[in-house]
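[1] Coordinates for the following, if possible.
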Amino acid sequence: MSLKNKLVDNKPREIAGPRTASRYNFQENASLWLLLEIHNKSQDYLIAFDYHDDVLILDESEPQVLSFYQIKGKEGVWKLGDLLKSQGNGYSIFGKLYYCKTVLSETTELNFLSNARYDIPLKNNQSGASKSTIHLIDLPFKEREKIRTKLKGEYPSHNPVEFHDLAFLKVLDISLKDSSAHMKGKLVSC
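    Okay, here's the model as predicted:
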């Protein structure tokens, strides 16, 4: 079955995003920001909003690369516990992101985007707080095991070991409270 058919045949896990989009001004502006970043790279792409996750991006018309993006604004910083904490639907933030891989095995990248930094330990006693991109493979074994254990509990029939290879934490340089003004500036600069 082609990747395009699998995307259509496998319905998203939730549909709350499209129904309440007006409450997610930051998410909308961050999604548009991401679209402009990808568009400026001058490569063919297909982008979908609020389908399986906040944003999904496929390369070209016969896709081989499938990237998912979950976007959340936050005041303060993200700690590993925040990303592992079960949400109202019973899944953690990482669990919701990993869902995309469970449905579409062709997934090549899983991204969590936020305006907030990540106060998460990295290998060699470094901190992720100053990084704009963190590849989860760069977390110490102990932290990767916490993530794997949580995902294994949320998806008992899967072996989520590849999650660390595919997952990234990224910081978007836009304000949580004034994302519309930042988006206007981004549009002007394009």
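
[2] quick one: Lys131 and Tyr118 touch, right?
    Yes: the pair Lys131 and Tyr118 qualifies as a contact (Cβ atoms under 8 Å) at a distance of 7.3 Å. All C-beta atoms are positioned from the backbone trio N, CA, C, and that covers glycine.

[3] next SSE after the lowest-mean-pLDDT helix or strand in the chain?
    Ranked by mean pLDDT, DSSP states H and E, the weakest helix or strand in the chain is helix 16-19, scoring a mean of 48. Counting by DSSP states H and E, the element after helix 16-19 in chain order, helix or strand, is helix 25-39.

[4] where do the strands sit along this protein?
    Remark: strands assigned in the chain by DSSP state E are 45-51, 53-59, 66-71, 109-114, 121-122, 126-127, 133-135, 167-171.

[5] In terms of neighbours, single out the busier of Lys131 and Tyr118.
    Tyr118 (25 against 17; other Cβ atoms under 10 Å).

[6] If the more buried one is in a bridge, with which residues?
    Tyr118 forms beta bridges with Trp78, as assigned by DSSP bridges.

[7] Next, find the distance separating it from Phe141.
    For Tyr118, the distance to Phe141 equals 18 Å [Cβ to Cβ, to the nearest Å].

[8] next one: Gly76
    According to Cβ to Cβ, Gly76 stands 27 Å off from Phe141.

[9] need the strands of the chain in TSV with mean pLDDT and distance to Ser31, can you?
    As requested, the strands of the chain are exported to TSV (pLDDT from 0 to 100; distance: least, Cβ to Cβ, whole Å):
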stretch	mean pLDDT	distance to Ser31
strand 45-51	86	6
strand 53-59	87	5
strand 66-71	92	6
strand 109-114	95	9
strand 121-122	93	28
strand 126-127	84	28
strand 133-135	97	18
strand 167-171	96	13
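
[10] Out of the ones you listed, flag the one nearest Gly81.
    With Cβ to Cβ, the closest approach to Gly81 among the strands of the chain belongs to strand 121-122: 12.2 Å.

[11] No further questions, thank you.
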